[in-house]
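Participant: Generate a structure from the sequence data that follows.
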Amino acid sequence: MQDQLSSTFAALADPTRRAILARLALGETSVTELAEPFAMSMPAVSKHLKVLERAGLIARSRDAQWRPCRLEAGQLKEAASWIEEYRRFWEESLDRLDAYLRKMKEPAKKTSSNGATKKKAKSRSKE
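Facilitator: Numbers count the residues shown, from 1 in each chain. Predicted structure coming up:
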């Protein structure tokens with residue numbers, strides 16, 4: 001059995017499923033309405049919905065002939081929290097690298113400005 005985070009990322013890996021989630025973020029809608037923008041059969045759309053449902057990203061219900069779907073954002077929050085930890089890691093790493101590179105540039109500037117000053121002094125002494 002897959003862990004929940006793996007199921008969430010597997011479901012998000014497909015652009016059609018991400019588009020479905022984006023549409024559901026606007027509000028509950030029917031399976032037929034969800035299928036409209038895609039050039040695929042209803043069974044294919046239904047398969048995408050099943051993947052999203054198993055991942056806990058959507059909920060489907062039945063009201064007579066109308067089968068509404070709605071976004072369940074809880075699992076997205078968990079995935080976003082996991083990603084946030086790594087975003088902080090990379091930002092801190094890049095900040096440290098930036099500080100190191102700035103520190104490395106400082107002595108180079110001092111050397112070049114001192115070298116230029118010494119050359120001017122030598123040329124003045126020759127005059």
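Participant: Correct me if wrong: residue 5 contacts residue 80.
Facilitator: No: with contact defined as Cβ atoms under 8 Å, residue 5 does not reach residue 80; the gap is 11.0 Å. Quick note: C-beta positions are derived from backbone N, CA and C, even for glycine.
Participant: can you pull out the helices in this structure?
Facilitator: Here the chain has its helices, by DSSP state H, at 4-12, 15-24, 31-35, 42-54, 74-126.
Participant: and the residue nearest the centre of the chain, how far is that from residue 95?
Facilitator: Nearest residue to the geometric centre of the chain (Cα atoms, centre = their mean): residue 83, 7.4 Å. Per Cβ to Cβ, to the nearest Å, residue 83 is found 18 Å from residue 95.
Participant: now residue 51
Facilitator: When distance is defined by Cβ to Cβ, residue 51 is 38 Å away from residue 95.
Participant: quick one: low-confidence parts of this structure?
Facilitator: 1-2, 107-127 (pLDDT under 70).
Participant: Residue 38: neighbouring residues, count only.
Facilitator: Neighbours of residue 38 under the rule other Cβ atoms under 10 Å: 14.
Participant: Then residue 42?
Facilitator: By the other Cβ under 10 Å criterion, the neighbourhood of residue 42 contains 11 residues.
Participant: Quick check: it touching residue 31?
Facilitator: Yes: using Cβ under 8 Å, residue 42 is in contact with residue 31, at 7.5 Å.
Participant: wait, which of the helices of the chain is closest to residue 60?
Facilitator: Among those, the nearest to residue 60 by Cβ to Cβ is helix 42-54 (6.0 Å).
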